[in-house]
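Asker: attaching a predicted model along with its sequence, questions to come.
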Amino acid sequence: ALTIPGKGGSFTDTISMSETGGNATSLNLTESLEDRHDQYICRTQNKGADWGSSDHNKIEGRATDAGMNLYSPTIIIADEPGDTSAMKALATATAALNAARAETRTYTVDGWRTDSGQLWGINKTVNLDDQIEGYRGQRLIKKVVFSVTDKSAPETALTLVDPKAFDLRAEPEKATGDVW
(Lines give C-alpha, C1' and ligand atoms only; values in the text may rest on other atoms or scores of the structure.)
Protein backbone atom coordinates (compact mmCIF):
# COMPACT_ATOMS: atom_id res chain seq x y z
CA ALA A 1 0.00 0.00 0.00
CA LEU A 2 1.17 3.48 -0.78
CA THR A 3 1.49 5.22 2.56
CA ILE A 4 3.77 8.21 2.17
CA PRO A 5 4.41 9.81 -1.22
CA GLY A 6 8.02 9.32 -2.23
CA LYS A 7 8.80 7.05 0.73
CA GLY A 8 10.40 4.66 -1.77
CA GLY A 9 13.12 7.25 -2.30
CA SER A 10 14.02 9.16 -5.41
CA PHE A 11 15.92 8.70 -8.63
CA THR A 12 18.75 11.09 -9.37
CA ASP A 13 18.08 10.64 -13.09
CA THR A 14 16.01 13.15 -15.04
CA ILE A 15 13.29 12.35 -17.52
CA SER A 16 13.76 14.90 -20.27
CA MET A 17 11.91 15.75 -23.43
CA SER A 18 12.69 18.47 -25.95
CA GLU A 19 12.43 19.09 -29.66
CA THR A 20 16.11 18.19 -30.04
CA GLY A 21 16.01 14.98 -28.02
CA GLY A 22 15.92 13.67 -24.46
CA ASN A 23 15.41 10.22 -22.98
CA ALA A 24 11.60 10.30 -23.27
CA THR A 25 10.24 9.24 -26.65
CA SER A 26 6.56 10.12 -26.10
CA LEU A 27 4.14 11.78 -23.72
CA ASN A 28 0.46 11.14 -23.00
CA LEU A 29 -0.93 14.02 -20.93
CA THR A 30 -4.30 13.51 -19.21
CA GLU A 31 -6.11 16.37 -17.52
CA SER A 32 -9.51 15.94 -15.91
CA LEU A 33 -11.87 18.48 -14.39
CA GLU A 34 -14.08 15.73 -13.00
CA ASP A 35 -13.36 16.29 -9.29
CA ARG A 36 -12.21 19.91 -9.49
CA HIS A 37 -14.37 22.79 -8.33
CA ASP A 38 -13.87 26.55 -8.25
CA GLN A 39 -15.13 26.82 -4.67
CA TYR A 40 -14.89 24.35 -1.80
CA ILE A 41 -17.31 25.04 1.04
CA CYS A 42 -16.88 22.88 4.16
CA ARG A 43 -19.59 22.94 6.80
CA THR A 44 -20.05 21.44 10.23
CA GLN A 45 -21.93 22.24 13.42
CA ASN A 46 -21.21 22.58 17.11
CA LYS A 47 -21.68 19.55 19.34
CA GLY A 48 -25.19 19.12 20.61
CA ALA A 49 -26.74 21.63 18.23
CA ASP A 50 -29.39 20.94 15.63
CA TRP A 51 -28.35 21.75 12.08
CA GLY A 52 -31.34 23.97 11.36
CA SER A 53 -31.87 25.52 14.79
CA SER A 54 -29.67 28.60 14.48
CA ASP A 55 -27.21 30.23 12.11
CA HIS A 56 -24.75 30.47 15.02
CA ASN A 57 -24.44 26.67 15.06
CA LYS A 58 -23.38 26.48 11.43
CA ILE A 59 -19.63 26.67 10.98
CA GLU A 60 -18.16 27.11 7.51
CA GLY A 61 -14.77 27.35 5.82
CA ARG A 62 -14.06 28.19 2.19
CA ALA A 63 -11.25 27.76 -0.32
CA THR A 64 -10.94 28.46 -4.04
CA ASP A 65 -9.11 26.66 -6.80
CA ALA A 66 -7.45 29.35 -8.93
CA GLY A 67 -6.95 26.83 -11.74
CA MET A 68 -10.70 26.46 -12.31
CA ASN A 69 -12.42 29.08 -14.44
CA LEU A 70 -15.83 27.40 -14.47
CA TYR A 71 -18.48 28.03 -11.84
CA SER A 72 -18.77 24.70 -10.03
CA PRO A 73 -18.92 24.98 -6.24
CA THR A 74 -19.07 21.93 -3.99
CA ILE A 75 -20.24 21.58 -0.41
CA ILE A 76 -18.52 19.16 1.94
CA ILE A 77 -20.18 18.20 5.22
CA ALA A 78 -17.38 17.47 7.68
CA ASP A 79 -17.34 14.19 9.59
CA GLU A 80 -16.25 15.87 12.81
CA PRO A 81 -17.20 19.09 14.59
CA GLY A 82 -14.66 21.87 14.27
CA ASP A 83 -14.13 25.59 14.17
CA THR A 84 -13.88 27.92 11.19
CA SER A 85 -10.12 27.44 10.83
CA ALA A 86 -10.51 23.63 10.75
CA MET A 87 -13.18 23.93 8.05
CA LYS A 88 -10.97 26.30 6.02
CA ALA A 89 -8.06 23.85 6.37
CA LEU A 90 -10.28 20.99 5.17
CA ALA A 91 -11.50 23.03 2.20
CA THR A 92 -7.94 24.07 1.29
CA ALA A 93 -6.59 20.52 1.61
CA THR A 94 -9.42 19.11 -0.52
CA ALA A 95 -8.87 21.75 -3.22
CA ALA A 96 -5.12 21.04 -3.33
CA LEU A 97 -5.63 17.26 -3.40
CA ASN A 98 -8.18 17.41 -6.23
CA ALA A 99 -5.98 19.78 -8.26
CA ALA A 100 -2.97 17.46 -7.84
CA ARG A 101 -4.96 14.40 -8.92
CA ALA A 102 -6.36 16.14 -12.01
CA GLU A 103 -3.22 15.70 -14.12
CA THR A 104 -1.22 12.61 -15.02
CA ARG A 105 1.69 12.42 -17.43
CA THR A 106 2.77 9.13 -18.99
CA TYR A 107 6.25 9.25 -20.52
CA THR A 108 7.73 6.40 -22.55
CA VAL A 109 11.48 5.92 -22.17
CA ASP A 110 13.80 3.44 -23.86
CA GLY A 111 14.84 0.43 -21.79
CA TRP A 112 13.74 -0.75 -18.37
CA ARG A 113 16.42 0.94 -16.31
CA THR A 114 17.42 4.46 -15.39
CA ASP A 115 20.63 5.98 -16.74
CA SER A 116 22.27 4.98 -13.46
CA GLY A 117 21.26 1.31 -13.93
CA GLN A 118 18.36 1.02 -11.47
CA LEU A 119 15.10 -0.63 -12.51
CA TRP A 120 12.29 1.95 -12.66
CA GLY A 121 9.95 1.62 -9.65
CA ILE A 122 6.79 3.14 -8.18
CA ASN A 123 6.49 5.54 -5.25
CA LYS A 124 9.78 7.22 -6.08
CA THR A 125 10.21 10.81 -7.09
CA VAL A 126 11.97 11.69 -10.31
CA ASN A 127 13.17 14.95 -11.81
CA LEU A 128 11.27 16.02 -14.90
CA ASP A 129 12.45 18.47 -17.55
CA ASP A 130 9.81 18.71 -20.27
CA GLN A 131 10.75 21.61 -22.51
CA ILE A 132 7.93 20.87 -24.95
CA GLU A 133 5.18 21.16 -22.32
CA GLY A 134 7.11 23.74 -20.33
CA TYR A 135 7.32 21.80 -17.06
CA ARG A 136 10.35 21.39 -14.83
CA GLY A 137 10.19 19.90 -11.34
CA GLN A 138 9.70 16.71 -9.35
CA ARG A 139 6.97 14.17 -9.96
CA LEU A 140 6.00 10.93 -8.23
CA ILE A 141 6.04 7.68 -10.21
CA LYS A 142 2.53 6.24 -9.83
CA LYS A 143 2.69 3.41 -12.34
CA VAL A 144 5.40 1.58 -14.28
CA VAL A 145 4.72 -0.64 -17.30
CA PHE A 146 7.61 -2.58 -18.83
CA SER A 147 7.10 -3.84 -22.37
CA VAL A 148 8.94 -5.55 -25.22
CA THR A 149 7.66 -7.04 -28.45
CA ASP A 150 9.20 -8.84 -31.38
CA LYS A 151 8.98 -5.53 -33.30
CA SER A 152 10.17 -3.09 -30.64
CA ALA A 153 13.00 -2.79 -28.16
CA PRO A 154 12.36 -2.81 -24.40
CA GLU A 155 10.65 0.35 -23.20
CA THR A 156 9.05 1.63 -20.02
CA ALA A 157 5.88 3.69 -19.65
CA LEU A 158 6.11 5.84 -16.51
CA THR A 159 2.93 7.45 -15.19
CA LEU A 160 3.86 10.54 -13.18
CA VAL A 161 1.68 12.59 -10.84
CA ASP A 162 2.13 15.52 -8.51
CA PRO A 163 3.36 14.11 -5.16
CA LYS A 164 0.51 15.97 -3.44
CA ALA A 165 -1.95 13.62 -5.20
CA PHE A 166 -1.29 11.04 -2.49
CA ASP A 167 -1.19 13.30 0.55
CA LEU A 168 -3.15 11.65 3.33
CA ARG A 169 -5.26 13.56 5.81
CA ALA A 170 -4.77 12.71 9.44
CA GLU A 171 -7.76 10.99 11.00
CA PRO A 172 -8.67 12.35 14.45
CA GLU A 173 -8.05 9.98 17.34
CA LYS A 174 -11.17 8.55 18.93
CA ALA A 175 -11.44 8.74 22.69
CA THR A 176 -12.55 5.55 24.42
CA GLY A 177 -16.30 5.51 24.72
CA ASP A 178 -16.69 8.23 22.09
CA VAL A 179 -19.36 6.95 19.70
CA TRP A 180 -19.16 9.76 17.16
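Answerer: Cool, the structure landed.

Asker: when you work out contacts or count neighbours from here on, use the C-alpha atoms and nothing else.
Answerer: OK.

Asker: hang on, E60 in a strand?
Answerer: Yes. According to DSSP: H, G, I helix; E, B strand; the rest coil, E60 belongs to a strand.

Asker: after whichever strand or helix holds T104 comes which helix or strand?
Answerer: Element membership of T104, judged by DSSP states H and E, is strand 103-110. Per DSSP H and E, the first helix or strand lying C-terminal to strand 103-110 is strand 125-130.

Asker: next one: that following strand to chain centre, how far?
Answerer: In terms of Cα atoms, centre = their mean, to the nearest Å, the gap separating the centre of strand 125-130 from the centre of its chain is 16 Å.

Asker: avg pLDDT for the helix or strand following it?
Answerer: Sequence order places strand 135-149 as the next helix or strand after strand 125-130, per DSSP H and E. For strand 135-149, mean pLDDT is 90.

Asker: and the angle from strand 135-149 to strand 125-130?
Answerer: 100 degrees (axes from the mean of the first three to the mean of the last three Cα atoms, to 10 degrees).

Asker: residues in contact with the helix or strand just after strand 135-149?
Answerer: Next helix or strand after strand 135-149 toward the C-terminus (DSSP H and E): strand 152-161. Outside of strand 152-161, the residues within contact range by Cα atoms under 8 Å, 6 or more residues apart in numbering are 100-101, 103-112, 139-148.

Asker: drop anything exposed from those residues.
Answerer: Neighbour counting by 16 or more other Cα atoms under 10 Å classes 100-101, 103-109, 111-112, 139-142, 144, 146 among those as buried.

Asker: re the thing from before, which residues touch the strand holding T104?
Answerer: Against strand 103-110 from outside (Cα under 8 Å, 6+ apart): 23-32, 153-162.

Asker: list only buried entries from the residues you listed.
Answerer: 23-24, 27, 155-162.

Asker: which of those lies closest to E80?
Answerer: Closest to E80 out of the buried ones among the contacts of strand 103-110 is D162 (28.1 Å), distances taken as Cα to Cα.

Asker: which residues does N28 contact?
Answerer: 105-107 are the contacts of N28 under Cα under 8 Å, 6+ apart.

Asker: lowest average confidence, helix or strand, in the chain?
Answerer: Lowest on mean pLDDT, DSSP states H and E among the helices and strands of the chain sits strand 10-17, with a mean of 70.

Asker: sec struct for the nearest residue to A78 once chain neighbours are set aside, please.
Answerer: Excluding the flanking residues, the one nearest A78 by Cα to Cα, 6 or more residues apart in numbering is T44, at 5.4 Å. Under three-state DSSP, the three-state class of T44 is strand.

Asker: roughly how far does T44 sit from T64?
Answerer: For T44, the distance to T64 (Cα to Cα, to the nearest Å) stands at 18 Å.

Asker: alright, I will stop here.
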